[in-house]
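**Student:** Dropping the sequence and predicted coords here.
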Amino acid sequence: MDKPFDFYRAVSEELDPEILQQKFLSALLDMQNVERGSIWVRSEGGYTCLEAVGAQSESIKAMTIGPGQSSIVGWVIENGKMTVAEAGKDARHFWQAEQKIDIKSKLILCFPLFLRSGEVYGAVQIIDTSAGGNHLNLDRSYLDLLQQLIDIGSIALSNSLVFSRQAQENRKLRETLEAINDRDAMVGRSGALLAARKRAAEYARTDFPVLITGESGSGKELLAREIHRLSGRSGGAFLAQNCSCIPDTLLESELFGYEKGAFTGALKTKAGLFESASGGSVFLDEIGDMPLQLQARILRVIQDGEIKPIGNARTKKVDVRIISATNRDLQSEIGRENFREDLFYRLNVLPLHVPPLRERPEDIALLLDHFLSREALRFGAGRKRFSEEALEFLLEYEWPGNVRELENFVKHIIVITPGEFIAREDLAHHFIRGEGCRPGQKPGPSEGASVEKRGGELSFEGCSWEEVERRYVLYLLEKNKWHITRAAREAGVNRSTFDSRMKKLNIRK
């Protein structure tokens with residue numbers, strides 16, 4: 001009775017399906033004193049071999065026998081009965097499985113594998129390869145004992161397969177969540193992008209300031225994150241601040257922090273970005289829009305590694321690497337006295353340019369595919385595809401908003417398109433333009449009176465003062481890619497004045 005006990009212990013202590021299959025099969029072969037056997041399960045294509053033991057058994061692992069092909073395992077699975085078959089003489093024998101095996105089967109003993117519900121899901125073969133085919137114990141009482149043991153083992157085996165499937169699904173779910181949350185991936189194979197990434201990897205080996213230039217939406221922050229990820233500071237924080245989207249006083253408190261009571265509303269002491277990121281990296285986006293008085297304070301951080309929170313008379317030491325970015329020509333801004341020359345040279349120690357999307361058209365198809373796949377994972381929906389005509393249009397479009405525009409387009413188009421395929425006519429919902437417009441052309445104004453140029457002079461025929469102002473504000477915003485600070489500067493007013501006019505005219509992006 002030792003062998004039945006050993007068999008029970010072998011199949012009851014293991015959850016890994018591969019190890020359990022080997023233990024299950026080896027224990028049965030040991031009880032019958034033979035050396036070859038295999039486990040088969042019902043599959044979509046017929047009956048598939050999960051595990052095989054014995055000389056040259058690897059040749060049948062993962063083999064599938066079609067449902068129309070005669071086989072012993074197929075007969076046992078379909079009839080739910082144990083059988084004994086003489087190889088080569090029994091019509092059910094699938095001899096093709098042993099074509100690559102030198103020693104052929106003589107006698108085959110096959111048992112069904114049951115679920116708890118009584119449903120047959122597979123079969124186990126115990127094969128005698130001895131010359132006389134007389135090693136198997138075919139005594140009826142012994143076979144009944146084996147069937148009882150196999151019934152126990154088959155339930156343990158089915159449980160392990162369910163456990164394994166759930167583990168795979170959980171792993172797939174984790175991978176899906178990682179893919180959804182992975183916003184730092186730079187997708188592209190163009191020479192220009194690969195060169196920029198190679199330079200970023202080189203810069204990551206140092207702690208010197210990096211100045212990244214490029215148009216809005218081209219991926220400057222992604223490149224900054226890659227520099228941080230590849231650097232020795234990757235274990236520290238990566239904190240980003242856009243220098244153009246908040247008022248000057250708020251920007252100062254965000255960067256340097258403040259003491260309790262430093263100003264109205266300062267109810268408690270707050271650490272700034274530089275202090276919070278000490279040991280890591282700070283990314284200053286749109287550095288070209290930073291006010292001059294703050295630029296001097298940034299210079300001190302770079303030179304001395306010191307900050308002074310608002311309301312505090314004493315300085316604090318910080319250890320941060322500064323990576324900055326701009327879509328402006330800072331040297332031109334220096335000439336206009338909008339940017340400090342000494343700060344420019346401190347920031348521009350390691351210059352890095354990100355090419356716009358129109359200069360790397362070979363990346364467009366990859367980016368479209370990447371965002372389609374990512375959003376499909378995010379929403380748990382089927383992945384959509386572009387028709388040939390739609391893809392041709394998108395590849396010719398210049399994408400003035402670069403990767404950010406392309407990403408937002410994908411989010412928009414998959415929501416408004418009900419079918420699996422996105423056709424050329426579906427793009428009209430996103431790219432609103434006249435029949436004669438070419439890809440890359442911007443659509444004309446769709447509402448309000450127009451200010452036209454006639455005979456070399458501007459015509460304001462039919463326009464109210466508010467309409468003229470509205471068109472002018474929209475013109476400045478479009479020209480500056482909706483960068484409010486730059487539009488206000490070009491209009492000759494401060495940002496708050498320009499912002500209040502936008503609200504009064506009900507203009508928003």
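**Tutor:** Yep, that arrived. Numbers count the residues shown, from 1 in each chain.

**Student:** which intervals of the stretch 1-150 of the chain have sub-threshold pLDDT?
**Tutor:** For the stretch 1-150 of the chain, the stretches with pLDDT under 70 are 1-15.

**Student:** where along it do the helices fall?
**Tutor:** With DSSP state H, counting those that start in this stretch as the criterion, the stretch 1-150 of the chain has helices at 2-12, 17-32, 72-79, 140-181.

**Student:** Show me which positions of the helix or strand encompassing Met502 end up buried.
**Tutor:** Using DSSP states H and E, the element containing Met502 is helix 495-504. For helix 495-504, the neighbour count (16 or more other C-beta atoms under 10 Å) marks 495, 498-499, 501-502 as buried. The way it works is simple: take the backbone N, C-alpha and C, and place the C-beta from them, glycine included.

**Student:** Could you dump those into CSV with distance to Thr213 added?
**Tutor:** Formatted as CSV, these follow (distance: C-beta to C-beta, whole Å):
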residue, distance to Thr213
Arg495, 23
Phe498, 25
Asp499, 27
Arg501, 31
Met502, 28
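
**Student:** Which of the helices and strands in this protein ranks last by mean pLDDT?
**Tutor:** Counting by mean pLDDT, DSSP states H and E, the chain has its least confident helix or strand at strand 452-454, which shows a mean of 46.

**Student:** This protein - how does it break down into domains?
**Tutor:** According to automatic domain parsing, the chain comprises the domains 2-167, 191-355, 358-429, 452-504.

**Student:** distance between the last one and the chain's centre?
**Tutor:** Going by C-alpha atoms, centre = their mean, to the nearest Å, the spacing between the C-alpha centre of domain 452-504 and its chain's C-alpha centre is 40 Å.

**Student:** so Lys308 sits right up against Phe256, yeah?
**Tutor:** Yes. Counting by C-beta atoms under 8 Å, Phe256 is a contact partner of Lys308 at 6.7 Å.

**Student:** More neighbours: those two, which one.
**Tutor:** Just comparing Lys308 and Phe256: by other C-beta atoms under 10 Å the higher neighbour count belongs to Phe256, 24 against 16.

**Student:** And for that one, nearest residue in space, chain neighbours not counted?
**Tutor:** Distance criterion C-beta to C-beta, 6 or more residues apart in numbering; nearest residue to Phe256, sequence neighbours excluded, is Gly272 at 4.3 Å.

**Student:** same deal with Asn348?
**Tutor:** In space, Asn348 comes closest to Leu211 once its chain neighbours are excluded; the distance is 4.4 Å by C-beta to C-beta, 6+ apart.

**Student:** Would you mind giving the secondary structure of that neighbour?
**Tutor:** The three-state assignment at Leu211 reads strand, by DSSP: H, G, I helix; E, B strand; the rest coil.

**Student:** Give me the distance between it and Pro351.
**Tutor:** To Pro351, Leu211 is 5 Å away according to C-beta to C-beta, to the nearest Å.

**Student:** same thing with Arg385?
**Tutor:** 40 Å.

**Student:** Kindly confirm whether my reading is correct that Thr497 touches Arg489.
**Tutor:** No. Thr497 lies out of contact with Arg489 (C-beta under 8 Å); the separation is 11.4 Å.

**Student:** Next up, the contacts around the residue lying farthest from the centre of the chain.
**Tutor:** In the chain, the residue that sits farthest from the middle, by C-alpha atoms, centre = their mean, is Gly132; the gap is 60.1 Å. Gly132 makes contacts with Lys106, as judged by C-beta atoms under 8 Å, 6 or more residues apart in numbering.

**Student:** go again using 10 Å as the cut-off
**Tutor:** Gly132 sits next to 106-107 when contact means C-beta atoms under 10 Å, 6 or more residues apart in numbering.

**Student:** about what we covered before: will you turn the buried residues of helix 495-504 into a markdown table that also has pLDDT and distance to Lys61?
**Tutor:** Formatted as a markdown table, these follow (pLDDT from 0 to 100; distance: C-beta to C-beta, whole Å):
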| residue | pLDDT | distance to Lys61 |
| --- | --- | --- |
| Arg495 | 81 | 70 |
| Phe498 | 85 | 72 |
| Asp499 | 81 | 69 |
| Arg501 | 83 | 74 |
| Met502 | 85 | 69 |
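
**Student:** Where do the strands of the stretch 351-500 of the chain begin and end?
**Tutor:** Applying DSSP state E, counting those that start in this stretch to the stretch 351-500 of the chain gives strands spanning 385-386, 421-422, 452-454, 457-459.

**Student:** Mean pLDDT lowest where, among the ones you listed?
**Tutor:** In terms of average pLDDT, strand 452-454 trails the rest of these, at a mean of 46.

**Student:** about what we covered before: so for Leu211 and Pro351, which residue has more residues nearby?
**Tutor:** Using other C-beta under 10 Å as the criterion, Leu211 and Pro351 rank with Leu211 on top: 22 against 12.

**Student:** Next one: the more buried one, what pLDDT does it get?
**Tutor:** In this model, Leu211 is scored at 98, pLDDT.

**Student:** That one bridge partners, please.
**Tutor:** Here Leu211 sits in beta bridges with Ser324, Pro351, going by DSSP bridges.

**Student:** residues in contact with it?
**Tutor:** By C-beta under 10 Å, 6+ apart, Leu211 lies in contact with 284, 287, 322-326, 330, 344-353.

**Student:** State the distance from it to Ala224.
**Tutor:** From Leu211 to Ala224 the distance is 10 Å (C-beta to C-beta).

**Student:** which residues do those two both contact?
**Tutor:** Residues touching both Leu211 and Ala224 (C-beta under 10 Å, 6+ apart) are 284, 323-325, 352.

**Student:** Most neighbours among those, which one is it?
**Tutor:** Ile323 (30 neighbours).
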